[in-house]
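# I would like to see how this sequence folds:
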Amino acid sequence: MANLTQGSWRLWFPAIFMWLTSFYVFFLMNEEFKHWLQLRTDFLAHGDADTHTQRQYSLIVERIPHELRSDRALYEYFDALFPGRVFSACVVLNLPQLEKLSAKRQQAVRRLEKSVAFYEATGKRGTHVVGRSRVKVFGIESLPIIPSPVRRGRDVDELDDDLIRVTATDSLPKKGERVDSINYYTRLLVDMNTTIEKMQVEKKELAAKGNDQIRASQWMEHKVALAHDSAVRALGGKQKSRRSDGLVLDFRRGGTGQKFSSVVHTMGLDFLFGCLSYANRKIDVVVDSVVGTTHSSTGFVTFKDMGTLTCAVRAPLSSDPNVLEVAVANEPRDIKWENAHINLDWSAGRAASANVLLFLGAILWSIPVAAIQAIANIDSLATIPGLGWIGNVASDKFQAFLNAYLPVVALLCIILLLPMAFEWISVSYELRKTESDVQRAILGRYFYYQLANVYVTVTAGSLWDSLGEMLDHPSAAFEILGLSLPKCVGYFVTLIMTKTFAGLPMVLLRFHALSRMFLLKLCFNQKLLTQRELDEVHKKETLWYGWEYPTQLLVIVICFTYACISPVILPVSAIYFLGALLIYKKQVLIVYAAEYESGGELFPTVCHRTLVGLICGQVTLIGYSILREGFYQPLVLFPLPIISILMMRVFQRLYTDPGKYLSLERAMQLDKHATDELTFGEDTYRQPVLAEKA
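Numbering: from 1, shown residues only. This next block holds a predicted model:
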């Protein structure tokens, strides 16, 4: 389009092409959504070969009120709503001490295995100094490094005098003492197993019975309710609030109570009661998250049939919208149990603050990228001490090649660091509860940073380069902008070619697995390694959706943006997607192994981001047509972004929302024709630290 004259009639061709492209995308996405919904429904109905059957009959409950924060109370509540249809209920507990002790036990098990492996390989019993740290790389822990205690004038055979042999009746040695490794870790495991078993019994009893202590927030709620009841009785009314399990369910209307409510409303006291209720909820959130309580506001409930589960997940359980939020439970492998006890409101507040900071980072993303691109050239590298030879050795053609590719490679390297930062934010700061939710957060944020890279960084750089010329010739501003914007396509062609001929081979090469094997061969003696460590080295790769999806979406967004402006981007992108299809198909079918199964839960998110990229391309073409002094073309293109937004809502209503749970009709049919006996476990959705054995 840069070769077209201002106001040329040929601007109709890109406009028509964008209309055809948009509706073709809608058609393909609709067909894929139909197929996805069928597969998603089958997953919700029958599960997967690697998932536990109990997942299909379980739901996760958030915002559990204090009165129901025990296994027995939660079970009785749902059993009252669905009599005889509840199999089990368990409340997630906050168990920091037990989790730390369990992690130490796992460490002791690994070190005992390593000590036994050392003895089997060498015939010698290993020793170590208590409290001395070890190095762990890729799941392989180093042997204890003990400096030789032999001193001048002392025989080597005398070393056994320093060795402390731990027996069942002795106390554990202190830090700094040298001990026999097998004896020490065996005795340590015996003590840990006894302590952990005792703590597990105590915590399970506490989870079943609950905690009867009244907290400050409960006291406030109790006092507010008492004040209301006292006022009703003082006015001569006989009405009492109806309560069930300590929850205020309803107040009867009519009589003196209704008059009192009218007086309260007239005097504005209802606002005061509303403020107290809101403060009560916020106190709960702060106390749960900052101070910490054993019983959390999260739990799991398993039903005996799918029909009951469907009714429970789709119906409002309480008249209070701030309590008892339910959804179909993720499978246990998907749950991050260390974060499962976190209050949902607390996590949502942290997510909101993180989104604000990341939005500011996306706006200012052009600053670090521009700095890197300014440095990534031959002249800048030659000024670095020790690299001055580059400017003398490189020929003119080689310098031109490096100047063209160094900015792209530098940008790709810095972009690869973003998912690591997003993962840390999701897990350690926002405290998200499931791995699929973590991957969804990484996917969304990584995509929008990719989008910022396309529109904020490169396009802004092109406009900045043309700013001086526009100041000299203000009347030709539109023409200058129309000529400068297509220049960005050269950068993106180079970017896609780099991803094709360098990025895709790196995926096929599996650099992470290769580095593990290289480290194993180079730095470790395989005879001294345990089977657990060898399995860690040879484990299958995992497809991290939050990392891989945005990589493909970036190319799609570039295609949508520049397909009409500079069609040369299309064959380059087609080559990339052909290579990506061949490589990722092979990797997914043969190489990658799923650590958990979410049943295509991220597919609607990917489709939504694809439509966001399409809208960006449509808006870009509208703006570019205006710059090229087109009059009717922008008017014709204007409905396209609106249609795309409407299609998002249509896909949400027709496919995404129905894919969250089964229909009641389908659930009842499955229950009617169910022939296999259900095998549920009481501890399937129990925290691993409470269910694990010695």
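# For the nearest residue to residue 593 once chain neighbours are set aside, pull up the helix or strand it's in.
In this structure, residue 593 finds its nearest non-sequential neighbour in residue 540, 3.7 Å apart by CB to CB, 6 or more residues apart in numbering. C-betas here are computed from N, CA, C, even on glycine. Counting by DSSP states H and E, no helix or strand carries residue 540.
# Residue 588 is in contact with residue 540, correct?
No: counting by CB atoms under 8 Å, residue 540 stays clear of residue 588, with 11.6 Å between them.
# Any stretches of the stretch 51-200 of the chain with poor pLDDT?
Along the stretch 51-200 of the chain, segments meeting pLDDT under 70 span 144-170.
# need the helices for the stretch 501-650 of the chain, in chain order.
Secondary structure of the stretch 501-650 of the chain, counting by DSSP state H, counting those that start in this stretch: helices at 504-509, 511-523, 531-537, 545-562, 569-586, 603-627, 632-637, 639-651.
# Compare these and give me the one nearest residue 427.
helix 545-562 (11.5 Å; CB to CB).
# I'd like the C-alpha coordinates of the closest one written as PDB, please.
Extracted in PDB, the C-alpha atoms of helix 545-562 (Å, rounded to 0.1, in the frame of the first residue of the first chain):
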ATOM      1  CA  TYR A 545       0.900 -23.400  27.400                       C
ATOM      2  CA  GLY A 546       1.600 -20.000  28.800                       C
ATOM      3  CA  TRP A 547       5.000 -20.000  27.000                       C
ATOM      4  CA  GLU A 548       4.100 -21.600  23.700                       C
ATOM      5  CA  TYR A 549       0.700 -20.100  22.800                       C
ATOM      6  CA  PRO A 550       1.800 -16.400  22.800                       C
ATOM      7  CA  THR A 551       4.700 -17.300  20.500                       C
ATOM      8  CA  GLN A 552       2.200 -18.500  17.900                       C
ATOM      9  CA  LEU A 553      -0.200 -15.600  18.600                       C
ATOM     10  CA  LEU A 554       2.500 -13.100  18.000                       C
ATOM     11  CA  VAL A 555       2.900 -14.300  14.400                       C
ATOM     12  CA  ILE A 556      -0.900 -14.300  14.000                       C
ATOM     13  CA  VAL A 557      -1.100 -10.700  15.200                       C
ATOM     14  CA  ILE A 558       1.700  -9.700  12.800                       C
ATOM     15  CA  CYS A 559      -0.200 -11.300   9.900                       C
ATOM     16  CA  PHE A 560      -3.500  -9.700  10.800                       C
ATOM     17  CA  THR A 561      -1.800  -6.300  11.100                       C
ATOM     18  CA  TYR A 562       0.300  -6.300   7.900                       C
END
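# That one - what's its average pLDDT?
Here helix 545-562 scores 86 as its mean pLDDT.
# Repeat that for stretch 325-332.
On average, the pLDDT along stretch 325-332 is 90.
# Mind listing what's buried along that stretch?
325, 326, 328, 329, 330, 331, 332 (16 or more other CB atoms under 10 Å).
# one step back: pLDDT at the residue nearest to residue 593, what is it?
Per-residue confidence (pLDDT) for residue 540: 82.
# distance of it from residue 21?
Here residue 540 is placed at a distance of 38 Å from residue 21 (CB to CB, to the nearest Å).
# Quick one: residues contacting the closest residue to residue 350 other than its chain neighbours.
Excluding its sequence neighbours, the residue lying closest to residue 350 (CB to CB, 6+ apart) is residue 430, at 4.7 Å. Residues near residue 430 by CB atoms under 8 Å, 6 or more residues apart in numbering: 347, 350, 351, 354, 441.
# what is the mean pLDDT for the helix or strand harbouring the third one?
Think residue 351. Counting by DSSP H and E, the element that carries residue 351 is helix 344-363. On average, the pLDDT along helix 344-363 is 88.
# For it, list every residue counted as buried.
Residues of helix 344-363 classed as buried: 344, 345, 346, 347, 350, 351, 354, 355, 358, 361, 362 (neighbour count, 16+ other CB under 10 Å).
# hang on, isn't the fourth one packed against residue 428?
So that's residue 347. No: using CB under 8 Å, residue 347 makes no contact with residue 428, being 11.9 Å away.
# Could you tell me how many residues sit around the residue nearest to residue 513 when sequence neighbours are not counted?
On the basis of CB to CB, 6+ apart, the spatially nearest residue to residue 513 that is not a chain neighbour turns out to be residue 541, at 5.9 Å. Counted with other CB atoms under 10 Å, the neighbours of residue 541 add up to 13.
# List the contacts of residue 541.
510, 512, 513, 587, 591, 592, 593 are the contacts of residue 541 under CB under 8 Å, 6+ apart.
# That one and residue 596: what is the separation?
To residue 596, residue 541 is 15 Å away according to CB to CB.
# Please apply the same query to residue 175.
Counting by CB to CB, the gap from residue 175 to residue 596 is 39 Å.
# likewise residue 9?
According to CB to CB, residue 9 stands 56 Å off from residue 596.
# Please read off the pLDDT at the residue nearest the centre of the chain from the model.
Of all residues in the chain, the one closest to the mean position by CA atoms, centre = their mean is residue 438, 0.4 Å from it. pLDDT, residue 438: 92.
# just so I have it, where are all the strands in the chain?
For the chain, the strands defined by DSSP state E occupy 58-62, 86-93, 127-129, 136-137, 140-141, 178-180, 242-244, 247-250, 295-303, 325-328.
# mind putting these in TSV, distance to residue 424 included?
Supplementary listing: the strands of the chain in TSV, determined by distance: least, CB to CB, whole Å:
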stretch	distance to residue 424
strand 58-62	24
strand 86-93	23
strand 127-129	32
strand 136-137	19
strand 140-141	23
strand 178-180	37
strand 242-244	44
strand 247-250	39
strand 295-303	23
strand 325-328	26
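# of the buried residues of helix 344-363, closest to residue 62?
residue 344 (4.6 Å).
# nearest residue to the closest one other than its sequence neighbours?
residue 62 (4.6 Å).
# Also residue 97?
Closest to residue 97 by CB to CB, 6+ apart is residue 199, at 7.5 Å.
# swap in residue 660?
In this structure, residue 660 finds its nearest non-sequential neighbour in residue 328, 6.8 Å apart by CB to CB, 6+ apart.
# so what's the one you found bridging to?
residue 59 (DSSP bridges).
# And the helices in the stretch 1-150 of the chain?
Here the stretch 1-150 of the chain has its helices, by DSSP H, counting those that start in this stretch, at 12-46, 71-81, 96-122.
# Please point out which parts of the first one sit buried.
Spelled out, that is helix 12-46. With the criterion 16+ other CB under 10 Å, helix 12-46 contains buried residues 14-15, 18-19, 21-22, 25-26, 29, 33, 36-37, 40-41, 43-44.
# helices or strands up against it?
helix 603-627, helix 632-637, helix 639-651, helix 664-672 (3 or more CB pairs under 8 Å, 6 or more residues apart in numbering; DSSP states H and E).
# same thing but 10 Å
In terms of contacts (3 or more CB pairs under 10 Å, 6 or more residues apart in numbering; DSSP states H and E), helix 12-46 is packed against helix 306-314, helix 545-562, helix 603-627, helix 632-637, helix 639-651, helix 664-672.
# Please apply the same query to the second one.
If you count contacts as 3+ CB pairs under 10 Å, 6+ apart, helix 71-81 packs onto strand 58-62, strand 86-93, helix 181-209, strand 295-303, helix 306-314.
# ok, now with 7 Å
Judged by 3 or more CB pairs under 7 Å, 6 or more residues apart in numbering; DSSP states H and E, helix 71-81 is in contact with strand 86-93, helix 181-209, strand 295-303.
# pull the CA atoms of that helix into PDB?
The C-alpha coordinates for helix 71-81 follow below in PDB (Å, rounded to 0.1, in the frame of the first residue of the first chain):
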ATOM      1  CA  ASP A  71     -15.400 -31.300  57.200                       C
ATOM      2  CA  ARG A  72     -18.500 -32.200  59.200                       C
ATOM      3  CA  ALA A  73     -20.200 -28.800  58.900                       C
ATOM      4  CA  LEU A  74     -19.600 -28.600  55.200                       C
ATOM      5  CA  TYR A  75     -20.800 -32.100  54.600                       C
ATOM      6  CA  GLU A  76     -24.000 -31.500  56.700                       C
ATOM      7  CA  TYR A  77     -24.700 -28.300  54.800                       C
ATOM      8  CA  PHE A  78     -24.600 -29.900  51.300                       C
ATOM      9  CA  ASP A  79     -26.300 -33.000  52.600                       C
ATOM     10  CA  ALA A  80     -29.200 -30.800  53.800                       C
ATOM     11  CA  LEU A  81     -29.400 -29.300  50.300                       C
END
